[in-house]
Structures are given as C-alpha cells and as structure tokens.
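**Student:** What would the 3D arrangement of this be:
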Amino acid sequence: MNENNYRNELERTGGVGKMVILLVGGGSALMNAVIDKLNKNGHRVYLLTGQKERKFSYSRVFEKYNFPYDSGSIKDILESVKPDVTVFTGAYDTNFTWESPRQDGVRYMAGLMNILSACSMMKKGRFLYFSSQEVFGAPYIDDIGEEEPVSPKGFRAMALAQGEETCSNYRRTQGTDTVILRFGHLYWVPQKGERGEDPCFRMCREALKTGKISANERRTFSMIYLNDAVEQIYRLICEEALKHACYHISSGEETGEMELAKMVREELGSGIEVVDSTVGAGSRLVLDGKRYEEEFGREIFNHYDTGVKKVAHFMKRHSASFILEEDAGGGLAVRAWNNTRRILRAMFPYIENLICFIPFFLLYNNAADSAFVARLDFYLLYVLLFAVVYGQRQAIFSGFLAVIGYIVGQMGVRSGFEVLIDYNTYVWMAQLFIVGLVVGYLRDRLQFVQSENRARVAYLQGQLRDIEEINDSNVRMKHNFESQVVNHKDSLGKIYEISSTLEQYGPEEVLFYAAQVLSKLMDCEDVAVYTVANGDYARLFSATSPEARKMGNSIKYTAMEEMYGELKEGRVYINRKMEEKMPMMASAVYAEDEMELILMLWGIPWERMTLGEANRLTIVGFLIQNAVVRANRYLEALRNRRYVEGTNVLDESAFTQLAKAFFDAREKGLTEYVLLEILTGDENYENVARTLGGAIRQTDYLGILKQGKLHALLSNTNKENIGGIQERFRSAGYECRVEEAVI
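**Tutor:** As a prediction, this is how the structure comes out:
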C-alpha cells in the first residue's frame, strides 16, 4: 500500500489522528522508545538511518532507508514518504561519535542542512530538532528559560547550537515549521556495553570501575528519565499547532551531584565510597520547563528515586559489559570476580598452548614414518604459530613443550641417554628456539610500535582538545578586552570620572548616591549600602532595587562568618558557594581602622565573579570612602553650628537640609523614611532630647522643622513598621504623628 492509499484508507476508516512520522538517526534507546510509542498509537513510522551499513538494531518500523544524511536521495525519500512530522535526533544521534569533533561537526551540519532543505521544499509537515542542555556552557543562578541566549563550549555544543540557529533561520526565512526540543540531562537504562554521557551513567560506571564516586557539592542540575521525555515528545508530535518554536523537556526536579552520588551508592551497595571533589565556584544548570507545562501540562512518573535505581541496578547486574578487567570494581564480590577474570585471561594463552600441543605431538609421532610428511617439522610449525600469534613468551613456552615432546618421542626408539648425547638434538633445539624467538621478537616489536602510535595519536588528540579549549578561552578574553577598550567602562580614568560626581552632592546626600555610583561603576542593578551602627549590627542606608533590600533593614553582619572574615581582613567577599541569602560580592569601607560601610552587590552574574571584578570593587570602594570621609569630617566640623546647644537635636536649617536629602533619595528609589512630628507641648528641646535619646535608633535623627516643631526622621522605615517606635515614644510620655507634608 503506497502512502496516498494509506492516507485514503485512514480517512475512510475514520483513522483520525494517525500520522506518518519520519525518524532520522542512528539506533539508540531514545530512538527505540520513540518508535515503540508511535507504533502503539497506530502511527506509521519510517526511518532514515544515516548509514549505508546496518550498524544498529532498531525496533520495528514500516520502512527503513539506509542512506547517509548528505545523500542526494534525501529529497526523493521525503517526497515518497510525505511525513507529517520529521524528527531529527540531533544531540542523541549515534551516527556521530564526536571522537573527532571538527570532522563530526562538519558532517553534522551538512546532513542537517540537506534534510532541512528537502523539508522546506515540501512546504508541509513539522520538523522536530533534538538538542540538549549542552548548548548552555555557563552556569546560571535561575532556571534557564527558552529565550535565554545559548553559550556553547566545545565543538559538539557549538554544532548543536548552530543546528538550533539553522532551524530558527529556516522557520524565519522559509516558513518551515521547525521546533527545537532541548532535553535537560536525559538518562535511561543503558544497553549492555553502551556508553552514556548523562551524570547517572557516569557515576555508576565510575563506582563499578574504581569503587569510588567523585561528586562536587556545588554542582546542581536536573535530569529527566527517558520514558517521561518520550511522553512529552509524543504530545508535541501529535499537537496540531504549537505556540512556540522552542520547548524545554525537563523534569523540573533539581538535584546535586552529591545527592545523586549518595543515591547511586545506596543502590550499588557496600564498598562504594563517595569522594567530595568540591572545587571552584558553584555551577547550576536546570532547564525551565514551565512553557511546556503551561501549554500541555506535565506529569513526571519516574522520579530520581526510581529512575536512578533502575539504572544502577541494571549496570550492577551487567557490570562486566560496562567495565574492563583491569578496573578495581565496586564491592568485594565484584573485585574478586574481576581478579578471577584477569587471572583466567592471563592463563588462557598457556592453556590454549597446552591444548594445541597435543595434536602436534600426535602428528609428529604418527607421521614420522610417512613418506609424504617425513621432512615436515610439526614442532617448528607449532612454535612459529604461537610466536606469530602471542609473541616471545609463548614462543619460549611452546619451544619447551616441543623439546619435551621430541625427547619423549625419541625415547620410544632410543634410550634417554642416547638422545641427550646426540648433538643433532641440540642443533634442532637451537634451530627451534632461534626461529621462535626471532619471530616472537618481531611480533612484539610490531605490537609495541602500533601501541606507541595509538598512544601518540590519543595524546595528540588530547592536546588538540586542550588547545581548542584554550583557544576558546582566549577568544572570550579577547572579546572582553575589545569591549573594555571600546566602552572604557573598566578604565581607572572612567572610574574616577564617575566616582568624582559624588563631590557635587551635599554632605548629607553622599551616602545615598554612593549606591547609585557603585551600581553604575560595577554594572550591577542591585546594590545596597549598609552603615555600621555598632560592633555587631549594620543598618541599611540606601539601595537601588527591592532585590538589594532582601537582607532586611538591619543585619548582624558579624554572624555571617564567611563574609565577615573576608571583610575584616580587608578583602572582597565573593559568594563562590552561590548561597541564595548572601550577596554575590561585598566590600567594606573603613575610616581610621573602623568599619563604616558595607557595600553589597546582588546582581553580578557568575562569570563576572572574578579577581578582576574584586579589584575593581576595591578601587571603587576607596574612591567612595574618600567622599564619605570628607563629608563626615565636614559635618563633624560644623557640629556645634548644626545642633541646638547642649542637645542632639538638629537646628531647623540643618534638619531641613537633611530631610530634603532623604526626600530626594526616596523619590529616586534609593531609600525609605518616615517623618514624625513629636507633640512636646511647652517642654524645651533639651529635656525632650534627653528623654527620647534611648527611644530612637542610632541611624535616626531628631530635629526642628516648620515653625519650631520637633520632628524625628526614621531612616529606612515605612508606615507599616513604625508602630513599635511610636509605642516607645508614648511610653516616654510623648505622642507623635506622621508628617505628611512634602519637604
């Protein structure tokens, strides 16, 4: 039945929703799972294997095409099949081993372009492209959405990202319905001897090989089990119209390397040791699957406790296919079996030698009287055979066996003494050993040269990969330096130019705009400035965003041991553990060996948390320190002129100026404050100030405003949390009310 007849038959019989699917890729667990799912639901499945030779086994399909992707017949295949959906397995295509990344990358893109071109000429059908989390090489703090720009590292990741870009271009320019599916660490139960790349497989194999599992406590990610991924793929295949061009296939369940290692150890049993290999900064790679969930709904059936258990149990049961005989193995039983296999493997050539000696011994003794083979030396042939196959060691062993067989055979017609004194015996033995040793030596030498060549090629390939990684790093650094030269954002002159703008502000305003200047210089939107109120606590003075305020208005900074330890030593704190409740970077400003300010940066991306950024923050902190110290000295010098004599109450001029500074800063979103009018009656300011001195905080101010009325300015406070302060004022005998007037 041809394809048109098949479609007509579906329409006649009411076969609604039955489609023709063309799968493109080599044999794998993913490919077989997709084929099974489509077959169970009655869809017709065609397969383009990408290889002329039949290298892989596949599940049952309606028709199989063994053509490479760059074949000129691809267009004819698509016109014949007329698929409703074409699925290119991309990142999981076993036709590409990526042992030679450059060559495989060229073949990969050439094949994809050829298939996409043929699909675009049909003007119908959907094209699904399988990508993976590899296109995101950098760590991310938040879950990665579909709109996040890719950041590939390495040739394989670059090829996958280029494939995504090619699909997007065809969608944009040719109108092809291309859809990108990115899988977040897809894992499954491997076939015997299969090599996987997912974290679960790597940990299981490492445990079986060495008895240890290395895990980085700072590395987190999410994984999705094959069956759950196939369910999501099937929904995207069957949907008539998709709203988006890219979907993340993710479980949304975050786990860490250390947690996964413990799950693997629990399943593999005793004898497995989890080794903490935590180094460097934190790394997080979790794909956000909310777009798929909102559009189709999502239900995960295989959580980590079941999925990891399946993988570990299978690999433990079939460990012989996943590890080599020289591997240490996991538990005691596995190690004993490996040692036994190693001994048997070493003894096998000798056992084989003994077994083969028997027919040669019989031939030599029984054919000696034959006219046809009398001149044929079977023992010499026997020694040559094992010298060629196994080398010098087996040549010597087979030579000794041949000598023993010769002597035993001769003793049947002569006495043992006569055999031993016959010089022909020793000539024959010398001939036997010389030929055997020479041939064995040549064989061993040839094997050694080949092994050396293979090792040299492997070494050079490793060096090439290292050079490629170094080149990628150099290119990124080059782009960063180019950006710095063009923008001058990191030059000392530019830093000083921006920081010097603090001098245009009044002494009361410097701290407010220090946050703004710091935000601009560090290219960070979330900046907070805390003033040290006493030996243990710091009070929020200004912040540039709600995110920067999330630690609260008052913090006990000495309790933050790691950050406080760095600041106390005059160093910049860098949040390398990516602790959510801590700033990404922080620095302290000192005046005469006393900590006055703490500068906190929250919105710094992980790749910028470097020594260079720390040095820049240090320089900016010194420049801000100069402006702050200068302002404080100015205010201290005018102290007697700014306060009502004998009190801590600011006079009307000074307090008005201070209140206006707070008002302007609040309008720009840098701070919050509440202005309270204190109803003092006829009592003088000195008595009121003395009474209220213990009721206000160190960062609050008392002052005269508007026709001699006493006011309190409560910094970094809003109307919702002033109840406690008002109650303290009442307890001291004074009523107060919120001042609504604009300064």
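**Student:** Helices of the stretch 301-450 of the chain, start to end?
**Tutor:** Here the stretch 301-450 of the chain has its helices, by DSSP state H, counting those that start in this stretch, at 304-317, 332-366, 378-390, 392-410, 416-421, 423-487.
**Student:** do the stretch 601-743 of the chain as well
**Tutor:** All helices of the stretch 601-743 of the chain, identified by DSSP H, counting those that start in this stretch, fall at 611-637, 639-642, 652-667, 685-692, 723-731.
**Student:** wait, what's in contact with the residue nearest to the spatial centre of the chain?
**Tutor:** Nearest to the mean C-alpha position of the chain, by Cα atoms, centre = their mean, lies Leu285 at 5.1 Å. Going by Cβ atoms under 8 Å, 6 or more residues apart in numbering, Leu285 touches 133, 136, 139-140, 144, 184-185, 220-222. Quick note: C-beta positions are derived from backbone N, CA and C, even for glycine.
**Student:** So which of the residues you listed is the closest to Ser415?
**Tutor:** The shortest approach to Ser415 among these belongs to His185, at 78.1 Å (Cβ to Cβ).
**Student:** neighbours around the closest one, how many?
**Tutor:** His185 is flanked by 21 other residues according to other Cβ atoms under 10 Å.
**Student:** Domain ranges for the protein, per the record?
**Tutor:** 14-183, 334-454, 492-637, 641-738 (automatic domain parsing).
**Student:** Quick one: closest of these to Glu266.
**Tutor:** With respect to Glu266, and counting by Cβ to Cβ, the nearest of the domains of the chain is domain 334-454 at 16.3 Å.
**Student:** Give me the lowest-pLDDT entry from the contacts of Leu285.
**Tutor:** Across the contacts of Leu285, the bottom pLDDT score, 75, is held by Pro139.
**Student:** which non-adjacent residue is nearest Gly105?
**Tutor:** In this structure, Gly105 finds its nearest non-sequential neighbour in Ala159, 4.2 Å apart by Cβ to Cβ, 6 or more residues apart in numbering.
**Student:** isn't that neighbour right up against Met109?
**Tutor:** Yes. Counting by Cβ atoms under 8 Å, Ala159 touches Met109, with 6.4 Å between them.
**Student:** if you average pLDDT over each of the helices of the stretch 601-743 of the chain, which comes out lowest?
**Tutor:** Mean pLDDT per stretch puts helix 639-642 lowest among the helices of the stretch 601-743 of the chain, at a mean of 57.
**Student:** Can you list the buried residues in stretch 23-38?
**Tutor:** Using 16 or more other Cβ atoms under 10 Å as the test for burial, stretch 23-38 gives 23-35, 37-38.
**Student:** I should have written stretch 405-415 there, sorry.
**Tutor:** 405-406, 409-410.
**Student:** Flag the shaky bits of the stretch 1-150 of the chain, pLDDT-wise.
**Tutor:** Scanning the stretch 1-150 of the chain for pLDDT under 70 picks out the ranges 1-17, 53-59.
**Student:** do that again at 80, thanks
**Tutor:** 1-17, 52-60, 138-139 (pLDDT under 80).
**Student:** For Asn553, find the nearest of the helices of the stretch 601-743 of the chain.
**Tutor:** Once these are compared by Cβ to Cβ, helix 723-731 is nearest, at 12.5 Å.
**Student:** Against which helices or strands is the closest one packed?
**Tutor:** Contacts defined by 3 or more Cβ pairs under 8 Å, 6 or more residues apart in numbering; DSSP states H and E place helix 723-731 against strand 673-679, strand 709-715, strand 735-738.
**Student:** correct me, but Gln516 touches Ala548?
**Tutor:** No. Using Cβ under 8 Å, Gln516 is not in contact with Ala548; the gap is 11.7 Å.
**Student:** which residues do those two both contact?
**Tutor:** Common neighbours of Gln516 and Ala548 (Cβ under 8 Å, 6+ apart) are Val527.
**Student:** if we can go back for a sec, if the residue nearest to the centre of the chain is in a bridge, with which residues?
**Tutor:** Counting by DSSP bridges, Leu285 is bridged to Phe221.
**Student:** Quick check: it vs Ile249, distance?
**Tutor:** Here Leu285 is placed at a distance of 14 Å from Ile249 (Cβ to Cβ, to the nearest Å).
**Student:** Could you dump the helices of the stretch 601-743 of the chain into a markdown table and include distance to Asp593?
**Tutor:** Listed next are the helices of the stretch 601-743 of the chain as a markdown table, based on distance: least, Cβ to Cβ, whole Å:
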| stretch | distance to Asp593 |
| --- | --- |
| helix 611-637 | 12 |
| helix 639-642 | 22 |
| helix 652-667 | 28 |
| helix 685-692 | 31 |
| helix 723-731 | 33 |
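**Student:** Point out where the stretch 201-350 of the chain drops to low pLDDT.
**Tutor:** 269-271, 278-283, 320-342, 344-346, 349.
**Student:** Now do the strands in it.
**Tutor:** Counting by DSSP state E, counting those that start in this stretch, the stretch 201-350 of the chain has strands at residues 212-215, 219-222, 224-225, 246-249, 254-256, 273-276, 283-285.
**Student:** ok, back up a step: and the domains of the chain: which comes nearest Lys209?
**Tutor:** Comparison of those against Lys209 by Cβ to Cβ identifies domain 334-454 as nearest, at 9.8 Å.
**Student:** what about Met600, helix or strand, and which?
**Tutor:** For Met600, the element it lies in under DSSP states H and E is strand 594-601.
**Student:** Return the list of helices and strands in contact with that strand.
**Tutor:** Partner elements for strand 594-601 (3+ Cβ pairs under 8 Å, 6+ apart): helix 510-521, strand 527-532, helix 561-568, strand 585-591, helix 611-637.
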